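*Asks:* Any chance you could fold what I've pasted below:
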Amino acid sequence: MVILFEMGDLLLELFPTAAGDPHQLLAVLADAYAVGPYKPRVSLEGNLVRVEIDEVTIEHHHSDFKKLVKWCDAGQYGKARPLLERLIVENPSVSEYHRFLGQILFDLKNFEGATSSLIDALRWDPRNKSALVMMANLQAKVHRNSIAAMRYMEEAFRLAPDDITVVNNLGALEMRRGNAARARELFQRALVIDPKYTQSLYGLASLDATAGDFPVAVDGILQAIRANGRNDGFGKHMLQEALNWASQIPEDSVRTLRDGYAAKLEILGGRSVHFLPDESLTAAASIQFAELYGRDHHIVRFRPHSAGLPHLQMHELVHLELALEARALHKNCVIVSDGDHFASFKKAMDPAIRKLRSSGQPEENVTPFLRSIFHGLNARSYNAPIDLIIELRLHAEFPDLRPVQLLSLHRLLLEALASVVDAASIEYVTPNILSAVRVYNLTLAFLFEHLYGISMVSEFKATPRERDRAALLWTEAQNFWKAREGGAEYPWLLQWADSLHTSSYFDLVDEDEYLSSMQRTSDLLESVEADPFGLESRVVEKDHDTTLFQESQRKIQETQGLNQAVAHFMLDAREYFDKLSQPEIQAIAMEIAMVGANGIGPEKSGYTVKSVPGQSFTGNRLLAWYYVSFALSLPAILPKLGLPFAAEWAWAKEQDLPPA
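*Replies:* Reported below is the predicted structural model:
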């Protein structure tokens, strides 16, 4: 096909981008009548402009070219390269063929071949801006020739000042050269063209990070991650950059947020908040409410050097604020579990227990493993729904905390993921319990995707049903956050525990009732201090009294040095308590004290303690456990028990416990 134009004002008006320049008009016409990579031959013959389009070549090559583009985009260079080399032989004048070959060779690290192909591309079409940009990047990144790189890039910018790829690449080159001001100007120019252009958002964030403004840099790169919208290699690279920059934000810069928030809660609740480092914590942070521990202040315990520590502390403070809001309506609740709950859990875990034992695991490892799963499951049942509300509140109300929140949530998400794909969990946790944990943990992945545009949902390897349930729980959490009434989260989390069959492993107790029970326990403790064996009680056993008991112990110690039975029972108790928290040990101490209120016969047997399920106690063993439980959790009261076991306890403390 041949198109003829008469040179004149009308032709220049039809193609205004030529800016009235007859010589520039030829290049404009070549672009205007190009079909894909195929440009017409444009020539000036006297007063006529001749545009000659090679329809035969276009028809013959265009379907091949579309295959070529598809294969290159997919990185299938083994298919693309032979086709491309054939096309170059058949029609070497097509600049884009050489440019594509240059791209393939560059990706294959054949930089010399890539340079040669790009030169060929520019020889056939000096205005091929894609080839100019690639050549500039090759010169800058491989040959380290910034002068040559700028020459090619500036030419591309001259030809296409509004091409976003050209503008962004020029900005990246200026940033690499240390010209931050011009780089910023160019990235911002690109964002005028497309406000969601990922590479330019990333470029601006990198400039902010280089300047040391890490909070702004993290915010900027999160915008870039959202704009990217893919879990590709570049998205993962940007996430790592965001985490790296967030880790460089000084804790002091956000600690004022924590302190200000704590001060607000102190005013609202009338009790001070203390922050206490504790290396022994299993979790990175936890809060102890003053009311539940009989203190005049709340304590936020935390493990020092945890990633995102200020966020973890703020998270615990929101737990306190939610409790204050619920308490104002007399709707606050406390989660409790006892021996009956643990027995129910063990029954559900029976197939896994049998598998553990048949695998050769020693019995002393089975119970700690079960308790770890039991407490972890209860923690997820109670905390997972509420944690979603907490994190949404923190993200909305404390924008300056967001970079540290990202760092902390990412670590928690990785831990949540590991707990449900860990080989031991899959092998030795019954499917229904593992499924419940997976649903709870998966909600954190939905939260992370909502806040940061990064999806890790697929990595949990959840079934469609598990994924749907987690998605529903996440949706409900958003609704609760937007319009919640104090205490409304408790029936909701219990509903989900029922749905996931975990509610039989704990009870939610009204806080007022629980505190009343605590008062009764306090009264019991006072009675224990006054009458450890209930000798003044009307229901006390009459087959022994304190004097006779202490006299019998004195004789044993005179003849044997130690009461060996009691000493070994103490070691047995130490081993059991070593795996428990202080509140758990204290609860057992209180229960044994209640048993003791009816008297304990040293030579009798058949005693049981609900919070130590599956075990039966002789009197001597129960007395030994009584002593050890108070020695470990309430040592100030120990002298008032009237138990002459100090020597036995000293021996038991010196013995090495079996390895966990």
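*Asks:* Pull out the buried residues from the helix or strand hosting Val254.
*Replies:* Per DSSP states H and E: Val254 is located in helix 252-269. Along helix 252-269, the positions that meet the burial threshold by neighbour count (16 or more other C-beta atoms under 10 Å) are Val254, Leu257, Arg258, Tyr261, Ala262, Leu265, Gly269. The way it works is simple: take the backbone N, C-alpha and C, and place the C-beta from them, glycine included.
*Asks:* now those residues in TSV, with pLDDT?
*Replies:* As requested, the buried residues of helix 252-269 are exported to TSV (pLDDT from 0 to 100):
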residue	pLDDT
Val254	86
Leu257	90
Arg258	92
Tyr261	94
Ala262	94
Leu265	94
Gly269	92
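*Asks:* Neighbours of Gln313, how many?
*Replies:* The burial metric for Gln313, expressed as a neighbour count using other C-beta atoms under 10 Å, is 26.
*Asks:* can I assume it sits in a helix?
*Replies:* Yes. Inclusion of Gln313 in a helix is indicated when DSSP: H, G, I helix; E, B strand; the rest coil is applied.
*Asks:* roughly how far apart are it and Phe289?
*Replies:* With the distance defined as C-beta to C-beta, to the nearest Å, Gln313 ends up 15 Å from Phe289.
*Asks:* ditto for Val94
*Replies:* For Val94, the distance to Phe289 equals 74 Å [C-beta to C-beta].
*Asks:* swap in Asp578?
*Replies:* Using C-beta to C-beta, one obtains 26 Å as the distance from Asp578 to Phe289.
*Asks:* Which of the two has more residues huddled nearby?
*Replies:* Taking other C-beta under 10 Å, Asp578 and Phe289 do not tie; Phe289 has more neighbours (20 against 13).
*Asks:* what residues are up against the closest residue to that one other than its chain neighbours?
*Replies:* With C-beta to C-beta, 6 or more residues apart in numbering as the measure, His298 is the residue that lies nearest to Phe289, at 5.7 Å, once sequence neighbours are left out. The neighbourhood of His298, defined by C-beta atoms under 8 Å, 6 or more residues apart in numbering, consists of Gly269, Arg271, Ser272, Val273, His274, Ile287, Gln288, Phe289, Ala290, Leu320.
*Asks:* how about the nearest residue to the third one, chain neighbours excluded?
*Replies:* It refers to Ser272. Of all residues not flanking Ser272 in the chain, His297 sits nearest, at 4.4 Å (C-beta to C-beta, 6+ apart).
*Asks:* quick one, what contacts that neighbour?
*Replies:* When contacts are counted by C-beta under 8 Å, 6+ apart, His297 touches Arg271, Ser272, Val273, His274, Ala290.
*Asks:* Mind checking which of the contacts of His298 are buried?
*Replies:* Of those, these count as buried by 16+ other C-beta under 10 Å: Gly269, Arg271, Val273, Ile287, Gln288, Phe289, Ala290, Leu320.
*Asks:* The last one and Lys610, how far apart?
*Replies:* Per C-beta to C-beta, Leu320 is found 30 Å from Lys610.
*Asks:* what ranges do the helices span in the stretch 101-250 of the chain?
*Replies:* Secondary structure of the stretch 101-250 of the chain (DSSP state H, counting those that start in this stretch): helices located at 111-124, 129-141, 146-159, 164-176, 180-193, 198-210, 214-228, 233-247.
*Asks:* Quick check: next helix or strand after the one helix or strand Asn620 maps to?
*Replies:* Assigned by DSSP H and E, Asn620 belongs to helix 619-633. Scanning the chain past helix 619-633 towards its C-terminal end, the next helix or strand to appear is helix 646-654 (assignment: DSSP H and E).
*Asks:* now the angle between helix 252-269 and the longest helix seen in the chain, please.
*Replies:* Using DSSP state H, we find that the single longest helix of the chain is helix 363-397. Angle, helix 363-397 to helix 252-269, by axes from the mean of the first three to the mean of the last three C-alpha atoms, to 10 degrees: 90 degrees.
*Asks:* when you give positions from now on, start the count at 47
*Replies:* All set: I'll call the first residue 47, so the last point we hit is now helix 409-443.
*Asks:* coming back round to it: need the buried residues of helix 298-315 in a markdown table with distance to His189, can you?
*Replies:* Formatted as a markdown table, these follow (distance: C-beta to C-beta, whole Å):
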| residue | distance to His189 |
| --- | --- |
| Val300 | 44 |
| Leu303 | 48 |
| Arg304 | 50 |
| Tyr307 | 54 |
| Ala308 | 57 |
| Leu311 | 60 |
| Gly315 | 66 |
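*Asks:* Farthest pair within those?
*Replies:* Using C-beta to C-beta, those span at most 22.5 Å, a distance reached by Val300 and Gly315.
*Asks:* Tell me, how many residues neighbour Asp77?
*Replies:* 13.
*Asks:* Would you mind confirming that Ser141 makes contact with Lys175?
*Replies:* No. Ser141 is beyond contact range of Lys175, at 10.7 Å (criterion: C-beta atoms under 8 Å).
*Asks:* neighbour count winner among those two?
*Replies:* Per other C-beta under 10 Å, whichever of Ser141 and Lys175 has more neighbours is Ser141, with 23 against 20.
*Asks:* How about the more buried one: what's its closest non-neighbour residue?
*Replies:* Taking C-beta to C-beta, 6+ apart as the measure, Ser141 lies nearest to Asp171, with 3.6 Å between them; neighbours along the chain are not counted.
*Asks:* pretty sure that neighbour contacts Leu164?
*Replies:* No. If you go by C-beta under 8 Å, Asp171 and Leu164 don't touch, sitting 11.5 Å apart.
*Asks:* Need the residues touching each of these two.
*Replies:* Shared contacts of Asp171 and Leu164, defined by C-beta under 8 Å, 6+ apart, are found at Ala177.
*Asks:* Between these two, which has more neighbouring residues?
*Replies:* It is Leu164, of Asp171 and Leu164, that has more neighbours when counted by other C-beta under 10 Å, with 29 against 21.
*Asks:* Tell me the pLDDT of that one.
*Replies:* The predicted structure scores Leu164 at 90 on the pLDDT scale.
*Asks:* doesn't His144 make contact with it?
*Replies:* Yes. At 7.1 Å, Leu164 counts as touching His144 under the criterion of C-beta under 8 Å.
*Asks:* Now the common contact residues for those two.
*Replies:* Common neighbours of Leu164 and His144, counting by C-beta under 8 Å, 6+ apart, are Ala177.
*Asks:* give the contact list for Lys377.
*Replies:* Gly532, Gly533, Ala534, Tyr536.
*Asks:* Would you confirm that Gly647 contacts Gly665?
*Replies:* Yes. Gly647 is within contact range of Gly665, at 4.7 Å (criterion: C-beta under 8 Å).
*Asks:* Can you list which of the contacts of His343 are found in strands?
*Replies:* When DSSP state E is applied, those are split such that Ser318, Val319, His320 fall in strands.
*Asks:* Give the bridge partners for the second one, please.
*Replies:* The reference is to Val319. According to DSSP bridges, the residues that bridge with Val319 are His344.
*Asks:* Quick check, it in contact with Tyr307.
*Replies:* No. Counting by C-beta under 8 Å, no contact exists between Val319 and Tyr307, whose distance comes to 9.1 Å.
*Asks:* Quick check: neighbours shared by those two?
*Replies:* Taking C-beta under 8 Å, 6+ apart as the contact rule, Val319 and Tyr307 both touch Leu363.
*Asks:* ok, Glu700 - how many residues close by?
*Replies:* Neighbour tally, Glu700, other C-beta under 10 Å: 8.
*Asks:* State the distance from it to Gly224.
*Replies:* 65 Å.
*Asks:* Run through the chain and note the low-pLDDT ranges.
*Replies:* Within the chain, the stretches with pLDDT under 70 are 47-51, 54-60, 64-66, 79-84, 97-108, 563-607, 643-644, 704-706.
*Asks:* Kindly recompute the last result at 50.
*Replies:* Counting by pLDDT under 50, the ranges of the chain that qualify are 566-590.
*Asks:* if I look at Ala336, how far off is Arg87?
*Replies:* As judged by C-beta to C-beta, Ala336 and Arg87 stand 87 Å apart.
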